[in-house]
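Asker: With the input below, show me the fold.
(2 chains)
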Number of protein chains: 2
Amino acid sequence: MAQRDLRLLGAWFSPFVLRVQIALNLKGLDYEVVEETLNPKSELLLKSNPVHKKIPVFFHGDKVICESAIIVEYIDEVWSNNALSILPQNAYDRANARFWVSYIDDKWVTSLKSVLLAGDDDEAKKSHFVEMEEALERMEEVFNKCSEGKTYFGGDTIGIVDIVFGSLWSWMRVIEEMNGRKVFDEAKNPSLAKWAETFSADAAVKGVLPETHKLVEYAESLKKRWAAAAAK
Amino acid sequence: MAQRDLRLLGAWFSPFVLRVQIALNLKGLDYEVVEETLNPKSELLLKSNPVHKKIPVFFHGDKVICESAIIVEYIDEVWSNNALSILPQNAYDRANARFWVSYIDDKWVTSLKSVLLAGDDDEAKKSHFVEMEEALERMEEVFNKCSEGKTYFGGDTIGIVDIVFGSLWSWMRVIEEMNGRKVFDEAKNPSLAKWAETFSADAAVKGVLPETHKLVEYAESLKKRWAAAAAK
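Answerer: Reported below is the predicted structural model:
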């Protein structure tokens, strides 16, 4: 389905922008990505998301939608006739999916950010690594319960929990690489290991996933910029 | 509509529990409130919300739903045939409503909590008071834009933004009273002043709103408990 009026203001490294890209790809929609420079923030970003000044911003004709999880729900609702539904059809399953999206945004995103912001402070990082490992164990349990032996958190097809959690997977790898320390234990979380592999290979995901080594380079440059700013 | 299988695990002072009560009242549903003691947390709470261990928890037959905004959406979706819709019918308006719910949970709740947790540290409180005043100005603008001259954020009837923001109104009054300082300026925010009055007088809200002086007493006891814990 060709849609000439869909634009996404984003950045290649952002897991939040990636969520929206995967949702659009799943729906088979054509869209234009407008790369946001962020430093300084563009006029378009400041004007279209004056409250948070954050990417992604999604433009559907003259409509502007902000906040990644909200954009994904919007896309699912507007293009609801497509065979693939990103949120479950049933109200209770939908509440459960929203619960885990909120859990990931709350616990998992916070832990990942905290490790990145801790710089070289190994002591500060320790507790965040533990939090990450606990969250992974939790998500392994959730997967086993929700997927009911199927491929994804959402069942046979990729759903909102897959999108939100899966978009952050590369950043977990970045943290492992930057710290020379494994966080994800395949033996402890065999279901997630298999899930991550299948998810990353899906046609809607494969082409838009940034490469880990490029993300590591980017994260290293961020770290230097933060350290320089802190030293001022 | 009598529903004998609806139970809400909550506490009289919680603005998050209040959200769910208002939603249930709007839908005209009968429900039982189970008062959670919290200190220590009940077996029922620990078992039904093992992830966050927080109220409210909503029981619909054998289904358990957690997180106040998610519960409100669930109620709206399950009892969707009722005349009153808590979320807008249109996908774009729904995305906008979710955006402001997330804004309130992020900015407004954080500022209110920070003031309460700052105890007697006036310096720490100052910036949070400014944040609160800025958020009120923002919400005044949002109201004027979203309500289109109607009574509520949601238009002619109470919607999710009204519920989420309105449930926190008494706690703003508590903060004003405890600090001997006005936060809400009626002259600056005339639309919100009128809105708060109409909202509080609505049949679905009136009977479940806790009285400010009782909340102040409760908040003072909390403050003492926190100070004692910090002194240990």
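
Asker: who does the helix or strand of chain A with the lowest mean pLDDT touch, helix- and strand-wise?
Answerer: Least confident element among the helices and strands of chain A, by mean pLDDT, DSSP states H and E: helix A:212-231 (a mean of 89). Helix A:212-231 is packed against helix A:109-117, helix A:169-179, with contacts defined by 3 or more C-beta pairs under 8 Å, 6 or more residues apart in numbering or on different chains; DSSP states H and E. No exception for glycine: its C-beta is placed from N, CA and C like everyone else's.

Asker: wait, which of those is closest to chain B?
Answerer: The closest of these to chain B is helix A:109-117. By C-beta to the nearest C-beta, the value is 12.8 Å.

Asker: how about TSV for the helices and strands packed on helix A:212-231, with mean neighbour count added?
Answerer: Formatted as TSV, the helices and strands packed on helix A:212-231 follow (neighbours: other C-beta atoms under 10 Å in any protein chain shown):
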stretch	mean neighbour count
helix A:109-117	18
helix A:169-179	19
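
Asker: In a markdown table: those helices, plus mean pLDDT.
Answerer: Formatted as a markdown table, those follow (pLDDT from 0 to 100):
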| stretch | mean pLDDT |
| --- | --- |
| helix A:109-117 | 93 |
| helix A:169-179 | 95 |
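
Asker: Quick one: those helices as CSV, columns for distance to residue A:40 too.
Answerer: CSV is the format used below for those (distance: least, C-beta to C-beta, whole Å):
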stretch, distance to residue A:40
helix A:109-117, 21
helix A:169-179, 24
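
Asker: what pairs with residue A:7 across the strands?
Answerer: For residue A:7, the beta-bridge partners under DSSP bridges are residue A:32, residue A:59.

Asker: Could you check the pLDDT of it?
Answerer: For residue A:7, the pLDDT comes out at 97.

Asker: repeat for residue A:145
Answerer: Looking at residue A:145, its pLDDT is 90.

Asker: Ok, residue A:81 next?
Answerer: So, for residue A:81, pLDDT stands at 68.

Asker: Kindly provide the distance from the residue nearest in space to the middle of chain A to chain B.
Answerer: With distances taken as C-alpha atoms, centre = their mean, residue A:167 lies nearest the centre of chain A, 3.1 Å away. Per C-beta to the nearest C-beta, to the nearest Å, residue A:167 is found 18 Å from chain B.

Asker: buried sites along the biggest helix by length in chain A?
Answerer: For chain A, the longest helix by residue count, based on DSSP state H, is helix A:122-146. Neighbour-count burial for helix A:122-146 flags A:125, A:128-129, A:131-133, A:135-136, A:138-140, A:142-143, A:146 (criterion: 16 or more other C-beta atoms under 10 Å in any protein chain shown).

Asker: Could you check how far the spatially closest residue to residue A:85 that is not a sequence neighbour is from residue B:56?
Answerer: Ranked by C-beta to C-beta, 6 or more residues apart in numbering or on different chains and with sequence neighbours excluded, the top spatial neighbour of residue A:85 is residue A:76, at 6.6 Å. Note on residue A:76: its distance to residue B:56, by C-beta to C-beta, to the nearest Å, is 26 Å.

Asker: These two - which one has more neighbours?
Answerer: Between residue A:76 and residue B:56, residue B:56 has the larger neighbour count (other C-beta atoms under 10 Å in any protein chain shown), namely 25 against 20.

Asker: tell me the pLDDT at that one?
Answerer: On the pLDDT scale, residue B:56 gets 98.

Asker: Surely it and residue B:7 touch.
Answerer: No - assessed by C-beta atoms under 8 Å, residue B:56 is found out of contact with residue B:7, at 10.5 Å.

Asker: residues from chain A in reach of chain B?
Answerer: Proximity of chain A to chain B (C-beta under 8 Å from any C-beta of the partner chain) is limited to residues A:51, A:60, A:63, A:65-67, A:70-71, A:73-74, A:77-78, A:91-92, A:94-95, A:98-99, A:102-103, A:138.

Asker: Now, of the residues you listed, which are buried?
Answerer: Neighbour counting with 16+ other C-beta under 10 Å marks A:60, A:65-67, A:70-71, A:73-74, A:77-78, A:91-92, A:94-95, A:98-99, A:102-103, A:138 as buried within these.
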